[in-house]
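Chemist: Sequence first, predicted coordinates after that:
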Amino acid sequence: AAASRGAAGALAALIRARGGEYDAAQLGAVLKSRPELREAIGKLADFCDAYPDLFRFERDPTTVGRARVVLVQGAAAPDDDGRTSAIGKLPAAAPGAARARDRQAA
């Protein structure tokens, strides 16, 4: 379960870096280069269905076999401890996260 939450956070970061959506075939190729993440995710569509608050797996109705993964607007990704943190910000458990937040608040 913790591995899946960590995989969800890692997948969300990949998708966010691409502007919030990723072609499923291209994402599959990226995951092949990261076997530990690929193993934790398994079938991409099923993984997205397991995290509907984070991802949408959208099939292209005009092209058979074509799909994309979309990051849900305002989604928060679970960190390895199962807590949620805003995507793109330091995870709640990250070393120095409190210091970074304090600097931003000042």
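Modeler: Looks like it arrived, so ask away.

Chemist: Please report how far residue 23 lies from residue 5.
Modeler: Plainly put, residue 23 is 24 Å away from residue 5 if you go by C-beta to C-beta, to the nearest Å. The way it works is simple: take the backbone N, C-alpha and C, and place the C-beta from them, glycine included.

Chemist: more neighbours, these two?
Modeler: Regarding residue 23 and residue 5, a neighbour count based on other C-beta atoms under 10 Å identifies residue 5 as having more, with 19 against 14.

Chemist: quick one: which helix or strand includes the more buried one?
Modeler: For residue 5, the enclosing helix or strand under DSSP states H and E is helix 2-17.

Chemist: which helices and strands does that helix pack with?
Modeler: The criterion is 3 or more C-beta pairs under 8 Å, 6 or more residues apart in numbering; DSSP states H and E, and the helices and strands that helix 2-17 contacts are strand 21-23, helix 24-32, helix 35-41, helix 44-50, strand 55-59, strand 67-71, strand 76-78.

Chemist: Output that helix as PDB, nothing but the C-alphas.
Modeler: Below are the C-alpha coordinates for helix 2-17, written out as PDB (Å, rounded to 0.1, in the frame of the first residue of the first chain):
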ATOM      1  CA  ALA A   2       2.800   2.400   0.900                       C
ATOM      2  CA  ALA A   3       4.500   1.600  -2.400                       C
ATOM      3  CA  SER A   4       1.300   2.400  -4.300                       C
ATOM      4  CA  ARG A   5       1.000   5.700  -2.600                       C
ATOM      5  CA  GLY A   6       4.600   6.500  -3.400                       C
ATOM      6  CA  ALA A   7       4.000   5.400  -7.000                       C
ATOM      7  CA  ALA A   8       1.000   7.700  -7.100                       C
ATOM      8  CA  GLY A   9       3.100  10.700  -6.000                       C
ATOM      9  CA  ALA A  10       5.800   9.800  -8.500                       C
ATOM     10  CA  LEU A  11       3.300   9.400 -11.300                       C
ATOM     11  CA  ALA A  12       1.600  12.700 -10.400                       C
ATOM     12  CA  ALA A  13       5.000  14.500 -10.500                       C
ATOM     13  CA  LEU A  14       5.800  13.100 -14.000                       C
ATOM     14  CA  ILE A  15       2.400  14.200 -15.300                       C
ATOM     15  CA  ARG A  16       2.600  17.600 -13.600                       C
ATOM     16  CA  ALA A  17       6.000  18.200 -15.200                       C
END
